[in-house]
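Asker: for reference, the sequence and a predicted model appear below.
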Amino acid sequence: MTVQAQPSEAAAQALREWFRSAVVYQVYPRSFADSDGDGIGDIPGIISKLDYLKRLGVDVIWLSPVYRSPHDDNGYDISDYQDVDPAFGSLADLDGLIAGLHERGMKLVMDLVVNHTSDEHPWFAESRASNVSPKRDWYWWRPARPGHEPSTPGAEPTNWGSFFSGPAWEYDEATGEYFLHLFSKKQPDLNWENSEVREAVYSMMNWWLDRGVDGFRMDVINFISKDLALPDGPVGEGRLFGDGAASFICGPRIHEFLHEMNQAVFAGREGALLTVGEMPGVTVEDAALFTDPERAEVDMVFQFEHVGLDHEGSKWAPKPLRLTDLKASLGRWQDGLAERGWNSLYWSNHDQPRIVSRFGDDGAHRELSAKMLGGILHFHRGTPYIYQGEELGMTNMRFASIDEYRDIEVLNHYREAIGARGEEPAVVLSAMAPLNRDNARTPVQWTAGEHGGFTTGTPWIAANPNSVEINAEEQVDREDSVFSFYRRLIELRHSLPVIAQGDFAMLLPHDEAVYAYTRSYAGTELLVLGNFTPDERHADIGDPSWGSAERILGNYPDTQGLTLRPWEFAAFIRTA
């Protein structure tokens, strides 16, 4: 009898932690590459760019939703979890994408949206069919507030507001009750208290893993457990609705649900899989629990603290970033997950604006600042995420009118601001410009041609006119391009254990111009410096000998040691 050799503990540990040296690239399919000229990016378009992604060097593709959907929220409202929306292709196309990635040594992580479904999902159609439907309890249904006439203002079961403006409850005339929707009214929240809901979700996840998918990025997954009391939330100054966050952010059963999911879907499976929990409002302490390998919940979390530093409460009230705030935030997460757990590192995604326009200089110093921001992020401890076009230094879009926007969050806010609150349209548009989500959703700029080479038709959202100057075709073979800089960042993470495994120490925490830190591992040290200003600055780190150390990466052709030119990035290495 042949006995199969079991992997050593070291090999098993390496398999569990493969993602420490990996880099993830997010594809927002609607805006990535259009293969058929209908103006909407699709899966065959993604397949046509796999060699580009391989050349960049990324390990994992995170694919935003391609499931069947009415597209009220651009695919994050799912009507069928086990089929591909015709706008993006077919299941056969997705199988081809999985095969193409695996052939090139890359993995596919699917977006998983299970806090809510579309109101056109068969589960919800059955749930709202009658008050005694077998699936009635699959969603959050409640009668009107006692003493109030149903469907009238203030009669909602709680005073919670939706993230997409308006109340978080929608009245259903047919059954005389309200259903909860933390986002769009076409995105009713699933009731995870119902074990049948959880079993259906786990079955669907297993179906995708069996098909060859390598894991999931889980949208607002820390919202799935709600306080059963559903109490009213506090109403902030100038707000129309209450904040119910305390009742659904990391609710009472969240750790139980995620561990159960892990055991029902991932436990016992062979291969290197990845689970990423997007968790708005999560604390460092919570994240250490969620990502502790011994607890078997998720591998890493997406948190939002650092992307909330440049606005006051609402993203529609922007303010300048203070670098000391950014260092305090990222440094706290580095320290908080140093002993257990793991960080996700990101500047941008489909919900965030372009980082070079946000924290950099998208004018004269665009390439320098794009490289500096990439370098500062990627040398941290954690798994870096690149959002499509970030590796090219793509910038925010300048939308001239509300008619040019496509995002439901923007459109609903604009309607509420000029309607219910009586604000001036020009003021609202100006406030929305820096941080709106459509900044990230303009098409990837492949060439200097029409629509940036994204489509031969009319794009669903306009391409940025600066694609004439900023595009992949111009950058992939240029040694000093943003693309080439990102390619080198990825190579260094793959080749230097100190980047993937090393300890982290923040330097100059009170400096408003220079971001500085060290990494150390097994006798190797790195010093990482970034100048966040258009002026020359000196990094007074207290150890001038670093100035003569070997520079392994920079965004200027030469080095001035610890004196940094405008938007300069430099990483130095030395061994004990």
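Answerer: Arrived safely.

Asker: any regions of this protein where pLDDT drops low?
Answerer: 1-16 (pLDDT under 70).

Asker: the host helix or strand of Leu326 - contacts with which helices or strands?
Answerer: Per DSSP states H and E, Leu326 falls inside helix 323-336. Using 3 or more C-beta pairs under 8 Å, 6 or more residues apart in numbering; DSSP states H and E, the elements in contact with helix 323-336 are helix 284-290, strand 503-507, strand 514-521. Heads up, the C-betas are built off the backbone N, CA and C, glycines and all.

Asker: which parts of the last one are buried?
Answerer: Looking back up the chat, that one is strand 514-521. Val514, Tyr515, Ala516, Tyr517, Thr518, Arg519, Tyr521 (16 or more other C-beta atoms under 10 Å).

Asker: can you list contacts of it?
Answerer: For strand 514-521, the surrounding residues in contact (C-beta atoms under 8 Å, 6 or more residues apart in numbering) are 323, 326-327, 331, 376, 379-381, 497-499, 501-508, 525-532, 537, 539, 541, 564.

Asker: elements contacting whichever helix or strand comes after that strand?
Answerer: Next in sequence after strand 514-521, counting helices and strands by DSSP H and E, comes strand 524-531. Counting contacts by 3+ C-beta pairs under 8 Å, 6+ apart, strand 524-531 packs against helix 366-378, helix 497-501, strand 514-521, strand 563-564, strand 569-575.

Asker: how about the ones you listed, which one is nearest Gly360?
Answerer: Comparison of those against Gly360 by C-beta to C-beta identifies helix 366-378 as nearest, at 3.2 Å.

Asker: now do the closest one against helix 323-336, angle only.
Answerer: Here helix 366-378 points in a direction 30 degrees away from that of helix 323-336 (axes from the mean of the first three to the mean of the last three C-alpha atoms, to 10 degrees).

Asker: how far off centre is helix 366-378?
Answerer: Computed by C-alpha atoms, centre = their mean, to the nearest Å, the chain-centroid distance of helix 366-378 equals 18 Å.

Asker: packing partners of it?
Answerer: Against helix 366-378 (3+ C-beta pairs under 8 Å, 6+ apart) you get helix 355-358, helix 482-495, strand 524-531, strand 569-575.

Asker: ok, residues contacting the last one?
Answerer: If you take C-beta under 8 Å, 6+ apart as the criterion, strand 569-575 is touched by 371-372, 375-376, 379, 492, 496, 498, 523-531, 546, 549-556, 559, 564.

Asker: next one: the longest one
Answerer: Among residues not part of helix 482-495, those counted as contacts by C-beta under 8 Å, 6+ apart are 21, 23, 55-58, 367, 370-371, 374-375, 378, 384, 386, 390-393, 472, 475-476, 478, 499-500, 552-553, 555, 571.

Asker: and the strands in the stretch 351-500 of the chain?
Answerer: Using DSSP state E, counting those that start in this stretch, the strands of the stretch 351-500 of the chain run over residues 383-387.

Asker: do the stretch 51-200 of the chain as well
Answerer: Counting by DSSP E, counting those that start in this stretch, the strands of the stretch 51-200 of the chain are 60-63, 67-68, 80-84, 107-112, 141-142, 169-172, 177-180.

Asker: need those strands in a markdown table with mean neighbour count, can you?
Answerer: Formatted as a markdown table, those follow (neighbours: other C-beta atoms under 10 Å):
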| stretch | mean neighbour count |
| --- | --- |
| strand 60-63 | 24 |
| strand 67-68 | 22 |
| strand 80-84 | 17 |
| strand 107-112 | 24 |
| strand 141-142 | 18 |
| strand 169-172 | 20 |
| strand 177-180 | 23 |
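
Asker: can you convert the ones you listed into a markdown table and add a column each for distance to Asp51?
Answerer: Converted to a markdown table, the strands of the stretch 51-200 of the chain look like this (distance: least, C-beta to C-beta, whole Å):
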| stretch | distance to Asp51 |
| --- | --- |
| strand 60-63 | 13 |
| strand 67-68 | 26 |
| strand 80-84 | 23 |
| strand 107-112 | 16 |
| strand 141-142 | 50 |
| strand 169-172 | 46 |
| strand 177-180 | 45 |
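
Asker: so which of these comes closest to Ala246?
Answerer: strand 177-180 (15.2 Å).
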